[in-house]
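1. Show me the folded form of this:
(one chain, ligands or ions: 1)
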Amino acid sequence: MKTIQVVAAIITDRERIFATQRGYGAFKGGWEFPGGKLEAGESPEEALRREIREELELEIEIGSLADTVEYDYPDFHLSMDCFFCRIKSGTPLLKEHEAARWLTRENLDSVNWLPADQDLIKKLKNTDWK
Ligand SMILES: Nc1nc2c([nH]c(=O)n2[C@H]2C[C@H](O)[C@@H](COP(=O)(O)OP(=O)(O)OP(=O)(O)O)O2)c(=O)[nH]1
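-> Purely as a prediction, here's the structure:
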């Protein structure tokens, strides 16, 4: 099966995490961490900065790796590095997403996360947000 390398940002202000709703494609309507596919020659950090600029017009500070999600979708294998991030400058502007929400720990599972994200969401409920 083909593996897709994705990098995603768990943007947090420590109290809340920023979730976005996909606005197009096969997973339209599902909730995710903003991010996307690595391009040739990019490091995960470079790809993440680029994606977050493109999708949200934000500059971020990238912190620790929260998890690498490995998940088999019917058509591909997803390998997704998820980093804790902070906003360095800007206010999120939705260039590609349908909606966004800042979720507290209590309502972290109140949106319909993509299948690959489910285990990570459970884990985040019980870990520190750095
Ligand atoms: N960014 C992001 N993608 C996720 C998450 N969970 C999850 O299963 N994915 C999947 C959905 C997509 O198949 C892939 C992300 O790649 P992408 O955003 O570039 O996908 P895309 O195919 O819509 O983009 P594109 O080819 O149109 O550029 O990873 C998540 O939390 N964040």
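
2. mind listing the strands for the protein?
-> Using DSSP state E, the strands found in the chain span residues 3-11, 16-21, 31-32, 35-37, 59-72, 77-89, 99-104.

3. could those strands be laid out in a markdown table, adding mean neighbour count?
-> For glycine as for every other residue, the C-beta is placed from the backbone atoms N, C-alpha and C. Compiled in a markdown table, the strands of the chain are given as follows (neighbours: other C-beta atoms under 10 Å):
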| stretch | mean neighbour count |
| --- | --- |
| strand 3-11 | 21 |
| strand 16-21 | 21 |
| strand 31-32 | 22 |
| strand 35-37 | 18 |
| strand 59-72 | 15 |
| strand 77-89 | 18 |
| strand 99-104 | 15 |
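
4. and those as JSON lines, adding distance to R49 and mean pLDDT?
-> Converted to JSON lines, the strands of the chain look like this (distance: least, C-beta to C-beta, whole Å; pLDDT from 0 to 100):
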{"stretch": "strand 3-11", "distance to R49": "9", "mean pLDDT": "98"}
{"stretch": "strand 16-21", "distance to R49": "16", "mean pLDDT": "98"}
{"stretch": "strand 31-32", "distance to R49": "18", "mean pLDDT": "98"}
{"stretch": "strand 35-37", "distance to R49": "10", "mean pLDDT": "98"}
{"stretch": "strand 59-72", "distance to R49": "7", "mean pLDDT": "98"}
{"stretch": "strand 77-89", "distance to R49": "10", "mean pLDDT": "98"}
{"stretch": "strand 99-104", "distance to R49": "18", "mean pLDDT": "98"}
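
5. need these in TSV with distance to the ligand, can you?
-> Output for the strands of the chain, formatted as TSV (distance: least, C-beta to the nearest ligand atom, whole Å):
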stretch	distance to the ligand
strand 3-11	4
strand 16-21	8
strand 31-32	3
strand 35-37	3
strand 59-72	6
strand 77-89	5
strand 99-104	13
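
6. Looking at those strands, which is nearest to R50?
-> strand 35-37 (8.4 Å; C-beta to C-beta).

7. Thanks a lot, catch you later.
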